[in-house]
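1. What follows is a predicted protein model with its sequence.
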Amino acid sequence: MQKHKNLTPKPNKKQKAERRGRTAEMLAVLLLRVKGYRILAQRFRCAAGEIDIVAAKGKIVIFIEVKARRNTHEALESVTSRQQKRIEAAAKVWLQSETSRNFAVRFDVITVAPRALPTHMMDAWRPGW
């Protein structure tokens, strides 16, 4: 009898990271919804940068970076000041499209690690505006 080869190629590191990131973002969205947040945008992209999740609670708009790492500490450390500046620049672009509203703004980080519940760090940093 002849064995059939699996014709589906194995995902490379970049594809695995992309899949892990999307799964982490899905878990973050679920967590936020359970906590009463409204999701306004996911994977918002512009020339200035990308924001994983834009959410709202009351009159606060929250720009959320989601990080999947081996542990929460590594995830928090991976949000560099350079990345924060890009997220802040993208947040400005997003806010300009919402000129009719007056929002308070907050920047959060949600970390996702194996065998652990996602961790939501509210007000993770203050923008340098």
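-> Sure, I can see it. Numbers count the residues shown, from 1 in each chain.
2. mind checking which helix or strand of the protein has the lowest mean pLDDT?
-> helix 72-77 (a mean of 86; mean pLDDT, DSSP states H and E).
3. Report the contact partners of the closest residue to N102 other than its chain neighbours.
-> Nearest residue to N102, sequence neighbours excluded (CB to CB, 6 or more residues apart in numbering): K59, at 7.5 Å. Bear in mind the C-beta positions are built from the backbone N, C-alpha and C, glycine included. Contact analysis of K59 by CB atoms under 8 Å, 6 or more residues apart in numbering lists N102, F103, A104.
4. Next, format those as JSON lines and append pLDDT, secondary structure and distance to K16.
-> Output for the contacts of K59, formatted as JSON lines (pLDDT from 0 to 100; DSSP: H, G, I helix; E, B strand; the rest coil; distance: CB to CB, whole Å):
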{"residue": "N102", "pLDDT": "78", "secondary structure": "coil", "distance to K16": "42"}
{"residue": "F103", "pLDDT": "80", "secondary structure": "coil", "distance to K16": "36"}
{"residue": "A104", "pLDDT": "92", "secondary structure": "strand", "distance to K16": "37"}
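5. May I ask which of these has the most neighbours?
-> Using other CB atoms under 10 Å as the neighbour test, the contacts of K59 are led by F103, with 13 neighbours.
6. shouldn't it be in contact with L95?
-> Yes: using CB atoms under 8 Å, F103 makes contact with L95 at a distance of 7.0 Å.
7. got any residues that touch both of the two?
-> Common neighbours of F103 and L95, using CB under 8 Å, 6+ apart, are V61.
8. mind pulling up the phi and psi values for the residue nearest to A104 when sequence neighbours are not counted?
-> Excluding its sequence neighbours, the residue lying closest to A104 (CB to CB, 6+ apart) is I60, at 4.7 Å. With angles defined as degrees, to the nearest 10, I60 sits at phi -110, psi 130.
9. swap in Q15?
-> When read as degrees, to the nearest 10, the backbone of Q15 gives phi -70, psi -40.
10. what number of residues lie near it?
-> For Q15, the neighbour count with other CB under 10 Å is 11.
11. Could I get the pLDDT score of it?
-> Q15 carries a pLDDT score of 81 in this model.
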